[in-house]
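Chemist: Provided below are the primary sequence and the corresponding predicted coordinates.
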Amino acid sequence: MGRMGGSTKTYSANPGDYKLLEEVGYGASATVYRAIYIPFNEVVAVKCLDLDRCNSHLDDIRREAQTMSLIDHPNVIRAYCSFVVDHNLWVIMPFMAEGSCLHLMKIAYPDGFEEPAICSILKETLKALEYLHRQGHIHRDVKAGNILLDSNGVVKLADFGVSACMFDTGDRQRSRNTFVGTPCWMAPEVLQPGSGYNSKADIWSFGITALELAHGHAPFSKYPPMKVLLMTIQNAPPGLDYDRDKKFSKLFKEMIAMCLVKDQAKRPTVEKLLKHSFFKNAKPPELSVKKLFTDLPPLWQRVKAIQLKDAAQLALKKMPSAEEEALSQSEYQRGVSAWNFDIEDLKAQALLLRDDDDIQEGKEEDESNKASISNKDADQSSTGDDDIRPAESQGNISVDEFPSSGSSNRKGKIPESEMVEFSGQEKLSRKKNGISNDIVPPVLEKDRQPKFKPQTTSRRQSQSGPLTPNAVLGHSPSERGEIENMPTNEKLKCDARRAPSFSGPLMLPNRASANSLSAPIKSSGGFRDCLDEKSKTNLVQIKGRFSVTSENLDLVKDIPLNSVPRHSQGSPLRKSASVGEWVFEPKQMPANPPIKEYSNASLPSSAIMPHLQNLFQQTSLQQELIATLLNNLQTNDADGSQNGKLPPLPRTLENNGIADSAASQRERLLLIKVSELQARMMNLTYELNAEKLKYMQLQQQLNTLSRQEEDGEPREGDA
Ligand SMILES: Nc1ncnc2c1ncn2[C@@H]1O[C@H](COP(=O)(O)OP(=O)(O)OP(=O)(O)O)[C@@H](O)[C@H]1O
């Protein structure tokens, strides 16, 4: 039993007393459900922390959960109670009906909130931090994903305690074979081993969170973890730009700059920060925050929509970077050695290849440098790379390819007319996961409108020399027509661009999108332009140059290297012929009884449980196996050319082109395999979670039944 704050209310540690409803959130190691606490008929949140994914000892986790239950502050979420159910720790908490600020931004404010709302949210968060710091705690995970809102606009800081203990015993973001999220919010001293840190680390994270709320994503959030780590340590601190972020007040900019000082000793305490003039005029959250979510669909529908969107984006987001680099590099070299000797021309083309990544990087570096002006320690921390000119100043395309539609239409409302329904396939997957078909994911109609910037097109046109991937993916319709008429090898380049690529450590996501992946993920690869007309008619969403089709991401027809999980059809790989020996043939797996069998009301729970456990085990096994295969693949990929597995063809003047194309084909095949395995992995993870939920629900039913039996109550239907 757990007690509740100041009141005498207690919550039982009996899982059977909690009826799990919809999934409302997920993080690195936990899934959060809306649930009913049956004895009080009260809605609560149940956080199911997968202990197998935790690096901590159960005792540590328990201790932290207990600490969490002792917390008593209106701005800190507390645990009513916690207990272990199988391999999960269930933490029972108040249900925050509007979810996290991160979810809210993802669904309705991709470019961040307006200053008055941010001010209120931050002030409430600071009050929470003030309380925690006074109690001698460091939160260590302040970010928009951990700032929860209820329907009255009440702001509570979450994820205290359990997260902290995970932090203690290892990398916060690492769970078993998974590296999720980015260290975007971590202070430089936290990222540097041995440097030691204290509660001022929370102040840094708070500053990053302020930027996250202002822009819709944390600085550097699009980069791989290692790059973020290096950028945080080496670059000047990020900040609001005095010119570009004109809509924000000077006070806000100053306040952020105070937090984002690299020398932790120079950062203010929470108390001092609370006294900053920026917070003087903070409106009560009921006024400024509550209006953010009027007219939005219920949290679980939003979360579902975000999951679907993120699943697609995650599957495709890696398309451009590494492979684009590899391809452009190989094209570059081939151009020089084979038929184009004009190195200057090639260099010029390489410059044209700069995509959003580079531009954004330039922007962020610029942002950092500009911000550093306001940071007293900037000169110590700046990389001093004066040669890096911001993309804009080089006359490159605007960073904001899809400019914010302005503050006026960011008022938190998604008019019904702007909602678009997902297709039958998506609905099927919802059904499969026990979610009603009449749920309409809130996707903004306005996002369907492609918003090109003409400069982009012209900048990307290749004038001469070898066809670069970007040239193949030129944005103009005429170029698209050319793609269709291209020789197969050139089309392949286009196809290859559509394939996921893998820069940095291979990520095996728990979910399509972990809580920590806060930035809207953009494909920078021009994928949209590779979609055929049919797909275009089915577009439901365009973010950056990324498109989602209403065929529930049924891109298998459009993208040969399909990497989007299609839950309703089981494995997304069944249609793919390219996986070869890496594919798990469905027949290799013990056949599962049809799902209908599980839902057969006449079957006793005892008959269902073994099937369910079996299914559960299979899925976990598959997950493990895929992880191992992916690891092997990574190693092979890295060692391939050295260890003879993928021997490079001898390069002679005659066969240079052939050798290169054979090598790049092998490379492409490997990438296909990796991407498909990853898609499969995601799909399985998704299914695993659905099964987990079913498993828990059945377990609850079993518990209830056995309790009824013990109490001698007649069973339902016995009469
Ligand atoms: N009490 C709650 N009410 C409603 N939603 C919640 C609640 N607690 C958490 N959530 C949702 O679930 C998400 C994940 O929860 P939480 O951050 O606790 O998990 P986690 O695994 O610790 O995440 P991470 O480690 O990635 O930060 C939150 O971002 C939020 O959207």
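Modeler: Cool, the structure landed. Numbering: from 1, shown residues only.
Chemist: Give me the phi and psi for Glu22.
Modeler: Here the main-chain torsion angles of Glu22 (degrees, to the nearest 10) amount to phi -90, psi 160.
Chemist: hang on, it packs against Val32?
Modeler: No: here Glu22 does not reach Val32: they are 10.0 Å apart, not a contact under Cβ atoms under 8 Å. All C-beta atoms are positioned from the backbone trio N, CA, C, and that covers glycine.
Chemist: between these two, which one's more packed in?
Modeler: Under the neighbour definition other Cβ atoms under 10 Å, Glu22 and Val32 were set side by side, and Val32 has more, 26 against 20.
Chemist: Which residue is the nearest non-sequential neighbour of that one?
Modeler: Spatially, and ignoring its direct neighbours in sequence, Val32 is nearest to Gly25 (3.9 Å; Cβ to Cβ, 6 or more residues apart in numbering).
Chemist: element containing the one you found, please.
Modeler: strand 18-26 (DSSP states H and E).
Chemist: Strand partners (parallel or antiparallel) of that strand?
Modeler: If you go by DSSP bridges, strand 18-26 pairs up with strand 30-37 (antiparallel).
Chemist: re the thing from before, any residue of the strand holding Gly25 touching the ligand?
Modeler: Yes: between strand 18-26 and the ligand, judged by Cβ under 6 Å from any ligand atom, the touching residues are 24-26.
Chemist: Just the helices from the stretch 101-250 of the chain, written as ranges.
Modeler: Counting by DSSP state H, counting those that start in this stretch, one finds helices in the stretch 101-250 of the chain at the ranges 101-108, 115-134, 162-168, 188-191, 200-215, 225-234, 250-259.
Chemist: Adding mean neighbour count, write those helices out as JSON lines.
Modeler: As requested, the helices of the stretch 101-250 of the chain are exported to JSON lines (neighbours: other Cβ atoms under 10 Å):
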{"stretch": "helix 101-108", "mean neighbour count": "25"}
{"stretch": "helix 115-134", "mean neighbour count": "22"}
{"stretch": "helix 162-168", "mean neighbour count": "22"}
{"stretch": "helix 188-191", "mean neighbour count": "20"}
{"stretch": "helix 200-215", "mean neighbour count": "26"}
{"stretch": "helix 225-234", "mean neighbour count": "18"}
{"stretch": "helix 250-259", "mean neighbour count": "20"}
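Chemist: can you redo these as JSON lines with mean pLDDT and distance to the ligand?
Modeler: Rendered in JSON lines, the data for the helices of the stretch 101-250 of the chain read as follows (pLDDT from 0 to 100; distance: least, Cβ to the nearest ligand atom, whole Å):
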{"stretch": "helix 101-108", "mean pLDDT": "92", "distance to the ligand": "5"}
{"stretch": "helix 115-134", "mean pLDDT": "96", "distance to the ligand": "14"}
{"stretch": "helix 162-168", "mean pLDDT": "42", "distance to the ligand": "5"}
{"stretch": "helix 188-191", "mean pLDDT": "84", "distance to the ligand": "15"}
{"stretch": "helix 200-215", "mean pLDDT": "95", "distance to the ligand": "12"}
{"stretch": "helix 225-234", "mean pLDDT": "87", "distance to the ligand": "13"}
{"stretch": "helix 250-259", "mean pLDDT": "96", "distance to the ligand": "20"}
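Chemist: any low-confidence regions in the chain?
Modeler: Of all residues in the chain, those with pLDDT under 70 make up the ranges 1-8, 53-57, 60, 63-64, 160-182, 193, 314-662, 686, 713-719.
Chemist: and it, which of its residues are near the ligand?
Modeler: Proximity of the chain to the ligand (Cβ under 6 Å from any ligand atom) is limited to residues 24-30, 32, 45, 47, 77, 93-96, 99-100, 102-103, 141, 145-146, 148, 158-159, 163, 514-516.
Chemist: hang on, the earlier thing: right, and the helices of the stretch 101-250 of the chain - which one's nearest Leu670?
Modeler: Closest approach to Leu670 among these (Cβ to Cβ): helix 225-234, 21.7 Å.
Chemist: For the closest one, name the packing helices and strands.
Modeler: Counting contacts by 3 or more Cβ pairs under 8 Å, 6 or more residues apart in numbering; DSSP states H and E, helix 225-234 is packed against helix 188-191.
Chemist: quick one, what contacts Lys283?
Modeler: Shown in contact with Lys283 (Cβ atoms under 8 Å, 6 or more residues apart in numbering): 116, 119-120.
Chemist: Please repeat the previous calculation with a cut-off of 10 Å.
Modeler: Residues in contact with Lys283, defined by Cβ atoms under 10 Å, 6 or more residues apart in numbering, are 116-117, 119-120, 123, 153, 289.
Chemist: For it, which three-state class applies?
Modeler: coil (DSSP: H, G, I helix; E, B strand; the rest coil).
Chemist: Now do it against the ligand, distance only.
Modeler: 23 Å (Cβ to the nearest ligand atom, to the nearest Å).
Chemist: next one: Ala679
Modeler: The value you get for Ala679 to the ligand, if Cβ to the nearest ligand atom is used, is 22 Å.
Chemist: how much space is there between that residue and Thr31?
Modeler: To Thr31, Ala679 is 21 Å away according to Cβ to Cβ, to the nearest Å.
Chemist: Give me the more crowded residue out of those two.
Modeler: Just comparing Ala679 and Thr31: by other Cβ under 10 Å the higher neighbour count belongs to Ala679, 25 against 21.
Chemist: now the strand or helix carrying the more buried one against strand 30-37, angle please.
Modeler: Taking DSSP H and E as the definition, Ala679 sits inside helix 656-711. With axes from the mean of the first three to the mean of the last three Cα atoms, to 10 degrees applied, the angle from helix 656-711 to strand 30-37 works out at 30 degrees.
Chemist: Residue numbering should commence at 462 henceforth.
Modeler: From this message on, residue numbering opens at 462, which makes the last subject helix 1117-1172.
Chemist: per-domain residue ranges of the protein.
Modeler: The record's domain split for the chain, according to the TED database, is 475-556, 557-627+642-762.
Chemist: of all those domains, which lies closest to Ala1151?
Modeler: For the domains of the chain, distance to Ala1151 was read as Cβ to Cβ. The smallest value, 9.1 Å, belongs to domain 475-556.
Chemist: mind checking the end-to-end distance for that closest one?
Modeler: Across domain 475-556, the straight-line distance between its terminal residues is 18 Å, by Cα to Cα, to the nearest Å.
Chemist: where's Ile717 relative to Leu609, distance?
Modeler: According to Cβ to Cβ, Ile717 and Leu609 sit 22 Å apart.
Chemist: what's the answer for His594, then?
Modeler: Per Cβ to Cβ, His594 is found 19 Å from Leu609.
Chemist: coming back round to it: spit out the residues that contact Glu483 and Val493 alike.
Modeler: Val764.
Chemist: how about the strand holding Gly486 as PDB, C-alpha atoms only?
Modeler: Only the C-alpha atoms of strand 479-487 are listed here, as PDB (Å, rounded to 0.1, in the frame of the first residue of the first chain):
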ATOM      1  CA  TYR A 479      -5.600  -1.400 -11.700                       C
ATOM      2  CA  LYS A 480      -7.400  -1.600 -15.000                       C
ATOM      3  CA  LEU A 481      -4.900  -0.600 -17.600                       C
ATOM      4  CA  LEU A 482      -6.400   1.500 -20.400                       C
ATOM      5  CA  GLU A 483      -4.500   3.200 -23.200                       C
ATOM      6  CA  GLU A 484      -0.800   3.800 -23.600                       C
ATOM      7  CA  VAL A 485      -0.100   7.500 -23.000                       C
ATOM      8  CA  GLY A 486       3.600   7.600 -23.100                       C
ATOM      9  CA  TYR A 487       6.800   5.800 -23.400                       C
END
